[in-house]
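Peer 1: Next input, structure requested:
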Amino acid sequence: MSKATIRSIAGKLNIAPATVHRALSGSGSVALSTRRRIIRCANESGYILPERNSRNIAVLVPHFRFFGYMAQMLSALEKVLHEHCYHVQLIPEADIAVLGDHMFDGIISMVWLEGEVLSLPQEYPIPMVSLNSAFSMPENISLVASGKDGILQALNYLKRHNCRRIFFVSTLTEKNPIASERLASFRQFCNENAVDFDRMHRAVSASEVESVLPDILISRADGVFCASETFAFRLGRAMQKQGIAIPGDISLMGMEDEQLNTSFDPPITAIRQDFEKLARATVEVLASAIEKHIPVRNIRVPYTLIERSSVRNCD
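Peer 2: Below is the predicted model:
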């Protein structure tokens, strides 16, 4: 097979070589539909894209609804990327095709589901980092994620504070590998402590959190761990409306730590992802791949325990 060149690509598409050059180099304006045709043909022909340094980073997100974890993570990521003089473009998963319309030096994926995202390194031969996505990623994608033991750290903290029947209120696990792995850790904890997993867990959406309270009471739980601070706040409020004392009757603990935990009375003990460290590790890995061609690296960032008053004393 002859080597692919700008002229050979132009001949295949019956367009001017100058247009192909502009599309592949990122210089000058080219219609989006034409740019897509050129880049697709270049990839299929094995053409090696020219070196470029746009300082543009694509950040893939599941959607444009930013609150809780997503809001905190994006805020930290934006700060660190700008410190490194990168330009940020947010792209929702539904519009992933626009990656072919612009020139990017690297991709940060916050999309948790398998599928098209995992094939991006083949379609766009630029460095890619998966941030807090699935813990099993292809070898050509770097992974930066919080440690897998965060939930076990929280559960063991509750156990040390005399909680023997801990109820776990999780986010919905369907098509969410992070939530599924967290649930697997809870199942492991239940097995090791001779607790009935099925009676001590419910997976719900944010709007359904209060509906879990009857199951918690039936299970005779003395501690509750929630997969988000929104869950912990809303469930704690529902408990207090029913006359349940926190932590006198039930200890309460949640994940993340933005505003709701500290505004609750008593303030809620939390296990928190270190968003600053996650952002810095992500940008460091990506910048090293872009600027120094350092190969794929995986980094784990530990959780931080924030003790407050919603868990009973050890005495």
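Peer 1: after the helix-or-strand element of the chain with minimal mean pLDDT comes which helix or strand?
Peer 2: Comparing every helix and strand of the chain by mean pLDDT, DSSP states H and E singles out helix 120-123 as the least confident one, with a mean of 63. Remark: after helix 120-123, the chain's next helix or strand is strand 128-131, criterion DSSP states H and E.
Peer 1: Looking at the helix or strand following that following strand now, give me its mean pLDDT.
Peer 2: Note on strand 128-131: by DSSP H and E, the next helix or strand toward the C-terminus is strand 142-146. Mean pLDDT, strand 142-146: 86.
Peer 1: show me where the stretch 201-315 of the chain has strands.
Peer 2: In the stretch 201-315 of the chain, the strands defined using DSSP state E, counting those that start in this stretch lie at 201-203, 223-226, 251-255, 269-272, 298-301, 304-306.
Peer 1: pull the CA atoms of the third one into PDB?
Peer 2: Below are the C-alpha coordinates for strand 251-255, written out as PDB (Å, rounded to 0.1, in the frame of the first residue of the first chain):
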ATOM      1  CA  SER A 251     -25.600   7.300  63.100                       C
ATOM      2  CA  LEU A 252     -25.600   9.000  59.600                       C
ATOM      3  CA  MET A 253     -22.700   9.300  57.200                       C
ATOM      4  CA  GLY A 254     -22.400  10.300  53.500                       C
ATOM      5  CA  MET A 255     -20.100  10.800  50.600                       C
END
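Peer 1: What is that strand packed up against?
Peer 2: Applying 3 or more Cβ pairs under 8 Å, 6 or more residues apart in numbering; DSSP states H and E, one finds that strand 251-255 contacts helix 150-160, strand 223-226, helix 229-241, strand 269-272. Every residue, glycine included, has its C-beta placed from N, CA and C.
Peer 1: Neighbouring strands of that strand in the sheet, and parallel or not?
Peer 2: strand 223-226 (parallel), strand 269-272 (parallel) (DSSP bridges).
Peer 1: Report the distance from the last one to the chain centre.
Peer 2: It refers to strand 269-272. 18 Å (Cα atoms, centre = their mean, to the nearest Å).
Peer 1: again, but for stretch 41-50
Peer 2: Taking mean C-alpha positions (Cα atoms, centre = their mean), stretch 41-50 and its chain are 31 Å apart.
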